[in-house]
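Engineer: Please work out how this folds:
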Amino acid sequence: MCGIVGKASSQNCEKSQIIEPLKALIHRGPDKQNYYCDKNVLLGHARLSIIDIKYGNQPMSFYINSKKYIIIYNGEVYNFKLLREKLISVGFNFETESDTEVILKWLAHKGIEEGVLDLNGMFSIAIYNETDKKLYLLRDRVGIKPLFYTVQNEGFLFSSELDSIIKFDKVKKSLNAASMEQFLYFGFPLAPNTMYENIYEVRPGYLLEYNLLSKEIRHKQYWNIDDYERTYNGTFEDGVEELNELLNMSISDQIISDVGYGTFLSGGIDSSLITSIVNGIKNDKFNAYTVSFNDEKYDELPYAKKVVQSLDNVNHVIYHSSNFSLDTGFVDMILKHVGQPFADSSCIPTYLIANEVHKNEKVILSGDGGDELFMGYETFTWLSKIERVKVAPVFVRHLVLFLFQKLPMEIVLNKDFHRQINKAVSYSFMGKGDLESSLNSILDLVDLEKLLISKSFEWLKELKSEILKGTKNPFDIMQKFLLKIKLSGDMLKKIDSMSMANSIEVRVPLLDNRIIDFALSLPVEYCYKGGVKKRILREVAKKHIPKSVICHKKWGFSIPMHKVLNKEFIGKYEYLRKNQSILNIDFMNKFSDFEAISNKEMYRNYSQYTIDHVNWMTILLYRWMEKNEVNYDK
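Structural biologist: This is a model prediction of the structure:
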């Protein structure tokens, strides 16, 4: 696991130009930093040594068919030994035991566009064909590892992190207005855009070719979820056995390293299953890490303990979040490592547990991806509820909405139940595409319009078109939204940025190519049926972990933000709200005013989650603009 950064230009490149951008990635690669430089290209690499510690250094070069290729690479390719054997069989020799040498020679031998199809792992790769003057950027299927780029007067620039790419001289730092709308709606901007105007993210499953001679950029999508059909014809029981076997294969491949490893153990099904299978594969003692919260609603430590007690080789390491208090320094740390405003508050406990892991090892296994692939989110339950509500005639639903808005229903219904019924009925009028986006948003569009002083929402049309391709089933559409948009934009970005801030590599066995292929072939009812989420994964889990862990209601890896975002903390950023002209300050103050949020009217319309995250989002947005001197041109 590493950080990569580079520049391609027809003008002279000098090594001094990459010093600051490379320095900004040292937390990603504290073991060694190196670079390649010629008059047209700069390639910088910061290494976290995992495999072939002595000889796997980068940049690495190779000559084939009178052409020279140079690679820098971030990630792990788990099938590199198989690819190595294939290369040896056709006459290739190897000087190291590293996966980097295998990937370089495989791509050079097969061709970039064909060779990338064979890589099973998590990666961001930059490979330069020095002979043809072409630079290629490649990103893994679902976006586990990040990669950003921009074209400026300086030339073509790229990096693993936004905070690194803006360290190049004369990079413009202007706010992307559409991305700001997306951030305030979902909590993150949508790739390929970032919060910076004209700085982009390489989309998952894509490769990019930059021609230094013509200065043209070509994008190619080499993997697409839209290409899959639900063609699995085995029984449900067959599927359970096959998934169990695939998980064992994936985890066996991913615990290969020359350094120690452990697991994240939240107390939910996915991380508990990963931990249990690791325990069954290896006889060595390993650490499992859990964050404990001082709020029973959020704390899943009791379930994590049950998992550990059922296993033989696990040492349980617990971080008690009572030791943590949010301050400006922590906010700035999040903004630095994510590189832009990012509203998912679970990045806080992710950072805390990653910091604990850093004390002991470099590699950790996580259960990320299970909810997206096997329909584990509460949004699937909401889809089911809304489909049932749609059975009622339209006039009946309109009448219910009228009564809920005009009558004091909270007298007979508690505020949460009242709000949920109102939400289900309101959302029942939405069309496909709009519904899936709204169920994953922080604010409704009506409120987002109130918050923004100027807006366009043109990107919503493109998003709807993207997730509606080739399907009409609402569960398929929801899964596409989660895999195309939320997984890389939110979940994987959180885990990558917060773990690499602590110089540790997180591996995600559930996102192995073989498991992705299998999951996307399954009938919907194998994943969600009769209100049971992640149905097939639950059946696999029964083979490995205690029943009480499988059956308990999962809250999610969240922190009680209402206890963190107190009046004193929000007050520290009041000067930012007063000195801005981007958002409607009166609307913002409804959420930050503690007298307002204690009244019944606020809680009739907004959950505590929404109230907390509106405050959190606006703090992050304004602090990021202030700290990075980001311009906003209306």
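Engineer: Who are the packing partners of the top strand by length along the chain?
Structural biologist: If you go by DSSP state E, the chain has its longest strand at strand 67-77. Other elements packing on strand 67-77 under the criterion 3 or more CB pairs under 8 Å, 6 or more residues apart in numbering; DSSP states H and E are strand 2-8, strand 41-47, strand 60-64, helix 99-110, strand 121-129. Yep, even glycine has a C-beta here, placed from its N, CA and C like the rest.
Engineer: Save the ones you listed as JSON lines, and put in mean pLDDT too.
Structural biologist: Shown next, in JSON lines, are the helices and strands packed on strand 67-77 (pLDDT from 0 to 100):
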{"stretch": "strand 2-8", "mean pLDDT": "94"}
{"stretch": "strand 41-47", "mean pLDDT": "93"}
{"stretch": "strand 60-64", "mean pLDDT": "91"}
{"stretch": "helix 99-110", "mean pLDDT": "96"}
{"stretch": "strand 121-129", "mean pLDDT": "97"}
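Engineer: ok, the residue nearest the centre of the chain to Tyr149 distance?
Structural biologist: What sits nearest the mean C-alpha location of the chain, by CA atoms, centre = their mean, is Leu492, with 2.0 Å. Per CB to CB, to the nearest Å, Leu492 is found 18 Å from Tyr149.
Engineer: Also Thr194?
Structural biologist: Thr194 is 10 Å from Tyr149, by CB to CB.
Engineer: before we move on, the earlier item: tell me the contacts of the residue nearest to the centre of the chain?
Structural biologist: Leu492 is in contact with 142-144, 368, 508, counting by CB atoms under 8 Å, 6 or more residues apart in numbering.
Engineer: and it, what helix or strand is that in?
Structural biologist: Element membership of Leu492 [criterion: DSSP states H and E] is helix 492-500.
Engineer: Next, the angle strand 121-129 makes with that helix.
Structural biologist: Going by axes from the mean of the first three to the mean of the last three CA atoms, to 10 degrees, helix 492-500 is angled at 80 degrees with respect to strand 121-129.
Engineer: Report the distance from the helix or strand just after helix 492-500 to the chain centre.
Structural biologist: Next helix or strand after helix 492-500 toward the C-terminus (DSSP H and E): strand 505-507. In terms of CA atoms, centre = their mean, to the nearest Å, the centre of strand 505-507 is found 13 Å from the chain centre.
Engineer: tell me the pLDDT at Tyr427?
Structural biologist: Note on Tyr427: pLDDT of 88.
Engineer: Would you mind measuring from the spatially closest residue to it that is not a sequence neighbour to Asp99?
Structural biologist: Distance criterion CB to CB, 6 or more residues apart in numbering; nearest residue to Tyr427, sequence neighbours excluded, is Ile386 at 5.3 Å. The gap separating Ile386 from Asp99 is 46 Å, by CB to CB.
Engineer: the more surrounded of those two?
Structural biologist: Asp99 (27 against 20; other CB atoms under 10 Å).
Engineer: Longest helix in this protein, by number of residues?
Structural biologist: helix 608-628 (DSSP state H).
Engineer: Sort out which residues of that helix are buried, please.
Structural biologist: In terms of neighbour count (16 or more other CB atoms under 10 Å), helix 608-628 has its buried residues at 610-625, 628.
Engineer: Surely Gly262 is within a helix?
Structural biologist: No - read with DSSP: H, G, I helix; E, B strand; the rest coil, Gly262 is strand and lies in no helix.
Engineer: for it, what are its contacts?
Structural biologist: Residues counted as contacts of Gly262 (CB under 8 Å, 6+ apart) are 286-289, 317, 357, 360-361, 363-365.
Engineer: Just grab the bridge partners of it for me.
Structural biologist: Per DSSP bridges, the residues bridged to Gly262 are Asn287, Ile364.
Engineer: which residues do Thr194 and Tyr149 both contact?
Structural biologist: Common neighbours of Thr194 and Tyr149, using CB under 8 Å, 6+ apart, are 200-201.
Engineer: Can you identify each of the strands in the stretch 101-250 of the chain by residue range?
Structural biologist: Under the criterion DSSP state E, counting those that start in this stretch, the stretch 101-250 of the chain contains strands at 121-129, 134-139, 148-152, 155-159, 199-201, 206-211, 217-221.
Engineer: okay if I get those as JSON lines plus distance to Lys600 and mean neighbour count?
Structural biologist: Formatted as JSON lines, those follow (distance: least, CB to CB, whole Å; neighbours: other CB atoms under 10 Å):
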{"stretch": "strand 121-129", "distance to Lys600": "47", "mean neighbour count": "25"}
{"stretch": "strand 134-139", "distance to Lys600": "48", "mean neighbour count": "24"}
{"stretch": "strand 148-152", "distance to Lys600": "45", "mean neighbour count": "21"}
{"stretch": "strand 155-159", "distance to Lys600": "49", "mean neighbour count": "26"}
{"stretch": "strand 199-201", "distance to Lys600": "42", "mean neighbour count": "23"}
{"stretch": "strand 206-211", "distance to Lys600": "49", "mean neighbour count": "20"}
{"stretch": "strand 217-221", "distance to Lys600": "50", "mean neighbour count": "13"}
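Engineer: Distance to Asp434 for those - can I get that in a markdown table?
Structural biologist: A markdown table is the format used below for these (distance: least, CB to CB, whole Å):
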| stretch | distance to Asp434 |
| --- | --- |
| strand 121-129 | 32 |
| strand 134-139 | 29 |
| strand 148-152 | 30 |
| strand 155-159 | 35 |
| strand 199-201 | 24 |
| strand 206-211 | 26 |
| strand 217-221 | 25 |
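Engineer: Between these, which one is closest to Pro341.
Structural biologist: Counting by CB to CB, Pro341 lies closest to strand 199-201 out of these; the figure is 13.9 Å.
Engineer: other SSEs contacting that closest one?
Structural biologist: So strand 199-201, by 3+ CB pairs under 8 Å, 6+ apart, packs with strand 148-152.
Engineer: What strands flank the strand it packs on, and is each parallel or antiparallel?
Structural biologist: strand 155-159 (antiparallel), strand 199-201 (antiparallel).
Engineer: so how far is it off the chain centroid?
Structural biologist: The answer for strand 148-152 is 21 Å, by CA atoms, centre = their mean.
Engineer: who's in contact with that strand?
Structural biologist: For strand 148-152, the external contacting residues (CB under 8 Å, 6+ apart) are 137, 156-162, 165, 168, 170-172, 194, 196, 198-202, 208, 215, 217, 339.
Engineer: returning to that earlier point: could you dump the helices and strands packed on strand 67-77 into CSV with distance to Glu20 added?
Structural biologist: Below are these laid out as CSV (distance: least, CB to CB, whole Å):
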stretch, distance to Glu20
strand 2-8, 10
strand 41-47, 10
strand 60-64, 24
helix 99-110, 25
strand 121-129, 18
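Engineer: So for Met249, which of these sits nearest?
Structural biologist: Here strand 121-129 is closest among the helices and strands packed on strand 67-77 (CB to CB), at 13.7 Å.
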